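A.B. asks: sequence unknown, structure follows:
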């Protein structure tokens, strides 16, 4: 859900989801929406402008709940300073008792990332170095990292995350190089199903065009994990179709987690949507 000042509060959202039996809730990340120059129309939807900071939303969610996992989908790491972000994520993992999932991405809005000093050409290098640097901070008593974009000498940083060696890193994206990025510095993949996915769209659960390619890529990711000598990378499908037939196919593909898209809405409307979605858990 995109939480805003007008939506259901993140803490209330997580509590309702936990009480209904959901495994996790996720919050997205947009620091701002650049105003287009001249007469160009803004390509970003209005709810990008009003979304709350995901890390603060996650903090509200974990302090109000006991067992549900809380994640970002996705945190735009290229727009965040890595030493501070490492501290924030470790703190969240401590506060939550080890319930944090960090979905990460390189971003797609060139103007937004540009205001943070990232570019289309360096964003993937930035993402990799910042994840690698944060992993050093999370796992080493004395951490240091020396890269092209991130460079710091020996340092102490506490607290460390409860989850070891780190909270799960889910790498977002659907481009040709995303599976390589998952294997290089992630623990899982979070692909995005395009379009909308609410009950109001009255999904039929029919097979969609993207599924054949997704299935092939999941199989390839499993092979790549084995070739790298590591456990299979997990797959979390973001914006899943809320229909039993689609969910069954996702399970057959080997998808580990599905995340539904909820529109930014009032507390009462969101509660009703969560209740309807919860029927799919049975």
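C.D. replies: On my side now, so go ahead. It should be emphasised that the depicted structure is a prediction, and the values quoted were computed from it without experimental measurement.

A.B. asks: in the strand or helix carrying residue 213, what counts as buried?
C.D. replies: Per DSSP states H and E: residue 213 is located in helix 210-227. For helix 210-227, burial by neighbour count (16 or more other C-beta atoms under 10 Å) applies to 214, 215, 217, 218, 221, 224, 225. For the C-beta atoms, the positions are set from N, CA and C on the backbone; glycine is no exception.

A.B. asks: pLDDT value on the fifth one, please?
C.D. replies: Here the pLDDT value assigned to residue 221 is 98.

A.B. asks: run through the residues that contact it.
C.D. replies: Taking C-beta atoms under 8 Å, 6 or more residues apart in numbering as the criterion, residue 221 is in contact with 179, 182, 183, 189, 232, 233, 235.

A.B. asks: same thing but at 6 Å, please
C.D. replies: For residue 221, the contact set (C-beta atoms under 6 Å, 6 or more residues apart in numbering) comprises 179, 233.

A.B. asks: check the second one too.
C.D. replies: By C-beta under 6 Å, 6+ apart, the residues touching residue 215 are residue 253.

A.B. asks: low-confidence ranges in this structure?
C.D. replies: 39-40, 195-200 (pLDDT under 70).

A.B. asks: strands along that one, start to end?
C.D. replies: Secondary structure of the chain (DSSP state E): strands at 24-27, 69-76, 100-105, 143-146, 151-155, 169-172, 188-190, 234-238, 257-259.

A.B. asks: want to throw these into JSON lines with distance to residue 2?
C.D. replies: Shown next, in JSON lines, are the strands of the chain (distance: least, C-beta to C-beta, whole Å):
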{"stretch": "strand 24-27", "distance to residue 2": "8"}
{"stretch": "strand 69-76", "distance to residue 2": "10"}
{"stretch": "strand 100-105", "distance to residue 2": "14"}
{"stretch": "strand 143-146", "distance to residue 2": "32"}
{"stretch": "strand 151-155", "distance to residue 2": "33"}
{"stretch": "strand 169-172", "distance to residue 2": "16"}
{"stretch": "strand 188-190", "distance to residue 2": "16"}
{"stretch": "strand 234-238", "distance to residue 2": "13"}
{"stretch": "strand 257-259", "distance to residue 2": "13"}
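
A.B. asks: re the thing from before, which one of the buried residues of helix 210-227 is nearest to residue 160?
C.D. replies: Nearest to residue 160, judged by C-beta to C-beta, of the buried residues of helix 210-227 is residue 225 at 25.7 Å.

A.B. asks: can you list the strands of the chain in a markdown table and add distance to residue 282 and mean neighbour count?
C.D. replies: Formatted as a markdown table, the strands of the chain follow (distance: least, C-beta to C-beta, whole Å; neighbours: other C-beta atoms under 10 Å):
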| stretch | distance to residue 282 | mean neighbour count |
| --- | --- | --- |
| strand 24-27 | 18 | 24 |
| strand 69-76 | 20 | 25 |
| strand 100-105 | 24 | 26 |
| strand 143-146 | 45 | 16 |
| strand 151-155 | 49 | 11 |
| strand 169-172 | 26 | 26 |
| strand 188-190 | 25 | 25 |
| strand 234-238 | 20 | 22 |
| strand 257-259 | 15 | 21 |
